[in-house]
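*Asks:* Following is a predicted model, sequence given first.
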Amino acid sequence: MTDDGGSSGRLRRENRILPPGDIRNCMVALSKDEALMSRLFQYRFSAGNGLVGHNFGNLFLAALTHVTGDFAEAVRVSSSVLAIRGRIFPSTLSNVTLKATLENGKRVDGETRITASRSRIKKLRLAPPNAPAR
């Protein structure tokens with residue numbers, strides 16, 4: 001729920017929704033036809049103004065979030081519509097950001113920037129620190 005890069009990051013910033021990418025991957029893993037679901041939900045648009053770089057699964061979850069008005073409800077409904085085995089729960093429904101303090105003393109915000117940093121992580125925290133777990 002901290003993804004801030006790629007399609008999830010764009011949807012998070014532009015549509016003010018929680019990042020759908022990790023949930024999308026869970027849906028693929030729990031689908032009855034994992035191969036077909038993977039090809040469909042992992043499909044990344046390579047053209048189209050505004051579509052390029054987005055995964056179909058991310059757009060599906062974003063649309064369902066807007067239709068239902070709630071990210072958790074979108075996950076629940078999509079699991080039902082797609083006959084997903086099991087239940088998927090986001091770790092939090094809060095808009096959270098990873099923050100790191102590196103061994104070199106530098107502070108880095110965001111999963112993408114933390115992952116790209118060359119220095120080892122000394123301390124990792126979640127902002128806001130009191131975000132409730134789901």
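*Replies:* Great, that's in hand.
*Asks:* max-length helix in the chain?
*Replies:* The single longest helix within the chain, with elements called by DSSP state H, is helix 56-68.
*Asks:* Could I get the average pLDDT for that helix?
*Replies:* Here helix 56-68 scores 96 as its mean pLDDT.
*Asks:* Check stretch 32-42 too.
*Replies:* In the prediction, stretch 32-42 has an average pLDDT of 91.
*Asks:* which residues does the residue in the chain sticking out farthest from the centre contact?
*Replies:* In the chain, the greatest distance from the average C-alpha position (CA atoms, centre = their mean) is reached by Asn104, at 28.9 Å. Contacts for Asn104 (CB atoms under 8 Å, 6 or more residues apart in numbering) come out as Ser119. Any C-beta I mention is one placed from the backbone N, CA and C, and that applies to glycine too.
*Asks:* Name the helix or strand for it, please.
*Replies:* When elements are assigned from DSSP states H and E, Asn104 belongs to no helix and no strand.
*Asks:* Over to Val108?
*Replies:* Following DSSP H and E, one finds Val108 within strand 107-109.
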